[in-house]
Structures are given as structure tokens and as C-alpha cells.
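Student: sequence? don't have it. structure:
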């Protein structure tokens, strides 16, 4: 557990005192340099009392039970419910953010749901959830809260899932991912131009995070790319991205290509055509990606999992509902015996597409 100053604030570890009165936060590559009383771009980390403090510990923007496929994770405990929560703020500035009311919030009043890590773990267990997801906003910025929750979950046999953009420095990255069991990392584009112009960040740290997770941890990894018309959806860019994934991460890392809809500060862009997603998926497969998916649209054929060896339908998906299951108990193709990459239970879950809000205060009464 991290040292708590108040119910909602903990002292953080990753910062450095500068020659003037500022402190540099070293959690993420943004390296915010803060005077006393200032907050970083993420809003939840602040210079208070000559140290960097996380100010939203134990407070959430809401709790819910989701299908694991919604994270999206298609190869990690399919069909099971995941207990999901986030806080407020974000260390990226994505103009297309589709959770902007949470990630861009600078009002702690939004964080009405309170729960310590042990309470979250016990609640997830009570509600029959196989895992807990740190999501809605980026868990990197609530690093201490997420880690403490993951520790509490692991003691009860509950898995931890990070849904993240991966914008984190090397030292905190090691600490963070040693407590995670699965991650979906947003690979938002494959040009630094996009990252700088649209997200206010850089591509290289995300690539380093992806390589670290794949090669230095046991964390199950999948990626998601939201394809925005005219910004990151060219065949050239998708080709380069998918080639890099196969060469640097390997063919077994599932890739999700999802549809953009106008939101936040990009309301002038049209929604992503279905054909763009299908084309991206096909480029990925042509380049050797064994598991590629479309998302945010209804397309059972391209949401489903197939054996990369014989083409057998392994897991059918209709939105978030599993419609077919042709895996053996140990995760092999029932037709040809080829191993399907991922972490599977002997039988699929049956949570389906349900989303259930959870009132932590009511449960505590």
C-alpha cells in the first residue's frame, strides 16, 4: 500500500526536485514541471507540500460490470464479466476522446463513488467477476490506486486488466505491469504526426510499452486502433503498423480496428465506414496477424475468432454475445488441434452483452 495523506491522496514515487521551486513528475513522458499547488495535465497528480501527490485515490467516476469483450479483449477469459472502474483525468489530450466527460473532467465532484482497493476486490468476488478492469480513463494516472487494487484482487484469485494508451515512463511501467494479467493498449496511429497533432503526445513511448509488455512480462496483450477518416486510416499506415506488430510483437497479438464517431473536439469528421474497418482487418491478416477484428460495428463474421491453421470458426461473436465455441478445454482448435493464443477457461462464460451499474455505497449498507 502507498502512504496516504488523506482519504483521497497518496504520496507518489516518480518525481524529481528541480533547481527552482518546481517538481518534475516522472510518471509519464509528459514530464510536467509543477510549482506548488499546480496540477499536471492529467489533473489528478499535483505538487503539494514539496512532493507529487495523487489526489483521486479511492474515488471513482463509477463502477460497472461489463463483458470482457468490451475492453476489448477477445482472447482473455471470453464470455466472462469484468468489474470495471476509472477515476477522472488523462495524461493524453486526444481530440477524439469518446469518454471525454470522464477523462477530461477537472471536477473532483464527479468522483462520487468511493471504494478502497480491498473493497473493490471483495465486491468483484461477491458479484462473480473473473477480473477487474482499470478503464474509462487511463489507469496510468491512477497508478497507485490501480496497483493496490490489483494486489488485493490477486489475493482473491481475481485477474487485473489495464485498458491504457501505454504512455508511461520505463521505471513506473515495470512496477505497473508486474501487477497486471492482461492489457489492451491503444495503438492510436502509426505516425508521430498523428500523436503530436491529435493526442498531444508521441508514438515512440507507446511502441516501447508494447514491446516491454510482450517481451518482458507474462501479461496477455491486445491492441486497439480507432480508425479516423483522413487521419490514420490510409492503407500505407495500416500496412506499416501491422507489419511492425508482426515483426516486433509477433503474429499472436490480436488487433482490433474500431469505428470512430464524431465526439469531443472532432465533430467535423465523419464516422468510419464499415468498409475501412474490413479493409484494415484484411491488411493485418495479409501481413501475418493471426487474430484481427473490427469493432464498434455489428459484423459477426469479422468479430469472430478463426483458427489460423485450418480456418475453423473457434469463437463466434454477435456484438458481445458468444454464439459459437469450438475450442477444446485447453484452448486448442477442435478441428485440427492447433493452439489458439490466449487465456481461456475450460468452458466459455455466459455473461453476454449485459452492462450492470454497481452502486458501491448501496452494497456497503
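Tutor: Looks like it came in fine. Remember, it's a predicted structure, so these values are computed and weren't measured experimentally.
Student: with adjacent residues omitted, what lies nearest to the residue nearest the centre of the chain?
Tutor: Central residue of the chain (Cα atoms, centre = their mean): residue 163, 1.1 Å from the mean position. Residue nearest to residue 163 in three dimensions, not counting chain neighbours: residue 135, with 3.9 Å by Cβ to Cβ, 6 or more residues apart in numbering. The C-beta positions use only the backbone N, C-alpha and C, and glycine is treated the same way.
Student: ditto for residue 51
Tutor: Once flanking residues are discounted, residue 51 sits nearest to residue 11: 5.7 Å by Cβ to Cβ, 6+ apart.
Student: can you tell me how far the one you found is from residue 235?
Tutor: Distance, residue 11 to residue 235, by Cβ to Cβ, to the nearest Å: 49 Å.
Student: looking at the two, which is more packed in?
Tutor: residue 11 (16 against 11; other Cβ atoms under 10 Å).
Student: so that one sits right up against residue 57, yeah?
Tutor: No: between residue 11 and residue 57 there is no contact under Cβ atoms under 8 Å: 10.1 Å.
Student: hey, what's in contact with both of these two?
Tutor: Listed as contacting both residue 11 and residue 57 by Cβ atoms under 8 Å, 6 or more residues apart in numbering are residue 2.
Student: assign the residue nearest to the centre of the chain to helix, strand or coil.
Tutor: With DSSP: H, G, I helix; E, B strand; the rest coil as the basis, residue 163 sits in strand.
Student: in the stretch 151-300 of the chain, which spans are strands?
Tutor: Along the stretch 151-300 of the chain, counting by DSSP state E, counting those that start in this stretch, strands occupy 159-164, 182-186, 220-227, 255-259, 292-295.
Student: most neighbours per residue, which of the ones you listed?
Tutor: strand 159-164 (a mean of 26; mean count of other Cβ atoms under 10 Å).
Student: tell me the mean pLDDT over that one?
Tutor: Across strand 159-164, the average pLDDT comes to 98.
Student: in its sheet, what does that strand sit against?
Tutor: strand 131-134 (parallel), strand 182-186 (parallel) (DSSP bridges).
Student: residue 40: neighbouring residues, count only.
Tutor: For residue 40, using other Cβ under 10 Å, the count is 21.
Student: now it, nearest residue through space, not along the chain?
Tutor: Residue 40's closest residue in space is residue 32 (Cβ to Cβ, 6+ apart), at 3.7 Å.
Student: where does that neighbour land on pLDDT?
Tutor: 98.
Student: same thing with residue 231?
Tutor: pLDDT at residue 231 comes out at 95.
Student: for it, what are its contacts?
Tutor: Neighbours of residue 231 in contact, by Cβ under 8 Å, 6+ apart: 189, 194, 198, 269.
Student: now the helices for the chain?
Tutor: Counting by DSSP state H, one finds helices in the chain at the ranges 100-103, 117-126, 143-155, 170-177, 192-194, 204-216, 235-244, 274-286, 300-303, 360-364.
Student: on that earlier part again, ok, the contacts of residue 231 vs residue 240, which is closest?
Tutor: Nearest to residue 240 among those: residue 189, at 10.3 Å, using Cβ to Cβ.
Student: if we can go back for a sec, report the lowest-confidence entry in the contacts of residue 231.
Tutor: Scoring the contacts of residue 231 by pLDDT puts residue 269 last, at 87.
Student: dump the strands paired with strand 159-164 into a markdown table; add mean pLDDT and distance to residue 114 as well.
Tutor: Shown next, in a markdown table, are the strands paired with strand 159-164 (pLDDT from 0 to 100; distance: least, Cβ to Cβ, whole Å):
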| stretch | mean pLDDT | distance to residue 114 |
| --- | --- | --- |
| strand 131-134 | 98 | 16 |
| strand 182-186 | 98 | 26 |
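Student: which of these sits closest to residue 146?
Tutor: Residue 146 lies closest to strand 131-134 among the strands paired with strand 159-164, at 4.5 Å (Cβ to Cβ).
Student: what's the closest one in contact with?
Tutor: Residues contacting strand 131-134 (Cβ under 8 Å, 6+ apart): 66, 68, 71, 76-77, 80, 82-86, 120-121, 124, 142, 146, 149-150, 153, 158-164, 181-182.
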